[in-house]
Structures are given as C-alpha cells and as structure tokens.
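Trainee: Here's a sequence, model it:
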Amino acid sequence: MTAAPNQATDAERARRFEQLIAPEVDFLARVARSMSRSAAEAEDLAQDTLLKAYRALDSFDGRYPRAWLYRIARNTAINRDERNRELLLADGDDIEGSMTPGDEDLEPESQVVAPILDHHLQDALDELPPAFRVVVQLVDVEGMRYQEAAEMLDLPVGTIMSRLHRARRRLRAALAGTHLDRPETPADDDRGEGER
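Mentor: Have a look, this model is predicted:
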C-alpha cells in the first residue's frame with residue numbers, strides 16, 4: 001500500500017511538469033543552442049536540463065519557470081567542462097567565436113527555420129561568443145527587459161546593456177555589405193533603455 005502515495009506523487013509531479021515546464025521547452029531549446037557549440041550539444045544540454053528540472057520539481061515554487069529552467073541549463077552548461085565555464089561567465093571582451101569549424105546544424109528545426117532566417121544573420125549569430133549570444137537571445141529574440149535578463153543571468157543590468165551593445169555592433173559588422181546591412185542610428189544603442 002506504500003506504492004499508492006509514490007504513484008500519487010509521481011502523477012502530481014508529471015502534472016506540474018506538463019503545466020509549468022512543457023510550455024517552456026521551445027524557449028529551453030533556443031537557449032540551449034545559444035549556450036552550445038553544436039546542435040547535438042544543445043540537444044544534450046536541453047535533455048539534461050529537463051531531467052534535472054523533473055527531479056527537482058518538488059522544490060520548485062512554480063514562479064518564473066522560464067528563469068528557473070534557464071538557471072538549470074546555465075549551471076549544467078557551466079559544469080560540463082572548463083571551456084563552457086569560461087565562455088558563459090566571461091565578460092566577452094577577449095572571447096573569440098565558439099563555433100568549431102565544420103560544425104553543422106542538421107536538426108529538423110533548423111531545416112524549417114533556415115529558409116526564413118537569413119543565412120547571413122544565422123552565421124553572424126553563430127559567430128558571437130556565447131556570453132553575447134545568450135544576451136541577444138534573451139533580450140532581442142525573447143523580448144525580455146534588461147532587468148529580467150540581468151536577474152536570469154545573475155549579472156548587473158549594466159553588464160547586460162554592455163554585452164548587448166557589443167553584440168549588436170558585432171552583428172552590424174558581420175552583416176556589412178549584405179542585403180541586411182543598414183546604417184546605425186542613435187536609437188539602436190539607446191533602444192529599450194527606458195522600455196526594457
């Protein structure tokens with residue numbers, strides 16, 4: 001008869017997982033890709049994160065599941081190896097691109113998104129150091145405010161703004177001469193300071 005409470009706990013955990021975590025799986029996949037050097041590594045990171053989240057779900061208060069998943073993913077990535085620790089924690093001033101030459105992105109999502117997302121832009125994003133790529137993902141892609149991203153990354157807001165500024169500058173330089181090239185405007189650097 002002791003099996004019934006465990007089954008109830010497992011059923012409750014599964015229900016909470018479906019309610020709180022399942023809606024954030026796409027977000028997790030995007031963030032894991034921004035923290036990884038390859039699609040395979042990103043998939044492993046996302047799976048490890050989901051497994052850890054499921055196991056720790058009893059201790060989760062249910063508030064801010066996206067931030068909770070992000071922290072689990074970030075800690076998992078940092079603990080994987082010393083290179084990830086340096087790339088994810090670094091300021092980004094002296095970080096070079098993290099993509100290994102020859103890495104190919106063959107995941108199904110990229111096959112669908114590839115025709116939509118210009119290859120010049122994707123290449124430019126892939127060349128950003130992970131510390132920059134994650135900030136672009138959170139603020140420019142996910143639409144988070146600077147303060148939200150700062151809390152999620154456990155960084156000062158000024159660091160978020162600085163990394164975003166440098167990431168955008170690198171993206172502009174990488175896109176120079178392509179059909180996506182556009183002149184920098186003063187609003188580009190100030191965009192969102194009051195809104196974000």
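
Trainee: Show me which positions of the helix or strand harbouring residue 158 end up buried.
Mentor: Here residue 158, judged by DSSP states H and E, is contained in helix 157-175. Residues 157, 159-164, 166-168, 170-172, 174-175 are the ones in helix 157-175 that count as buried (16 or more other Cβ atoms under 10 Å). (C-beta placed from N, C-alpha, C; glycine too.)

Trainee: Which secondary structure elements does whichever helix or strand residue 29 is part of sit against?
Mentor: Using DSSP H and E, residue 29 sits in helix 25-34. Helices and strands touching helix 25-34, as assessed by 3 or more Cβ pairs under 8 Å, 6 or more residues apart in numbering; DSSP states H and E, comprise helix 39-56, helix 65-80, helix 130-136.

Trainee: who touches that helix?
Mentor: The contact list for helix 25-34, computed with Cβ atoms under 8 Å, 6 or more residues apart in numbering, reads 39, 42-43, 45-46, 49-50, 66, 69-70, 73, 77, 109, 130, 133-134, 136-138, 141-142.

Trainee: Go through that helix and flag the buried ones.
Mentor: So helix 25-34, judged by 16+ other Cβ under 10 Å, has buried residues 27-34.

Trainee: Could you provide the residues you listed in a markdown table, with additional columns for distance to residue 151 and pLDDT?
Mentor: Compiled in a markdown table, the buried residues of helix 25-34 are given as follows (distance: Cβ to Cβ, whole Å; pLDDT from 0 to 100):
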| residue | distance to residue 151 | pLDDT |
| --- | --- | --- |
| 27 | 16 | 90 |
| 28 | 18 | 91 |
| 29 | 22 | 91 |
| 30 | 19 | 88 |
| 31 | 15 | 87 |
| 32 | 19 | 89 |
| 33 | 22 | 86 |
| 34 | 18 | 82 |
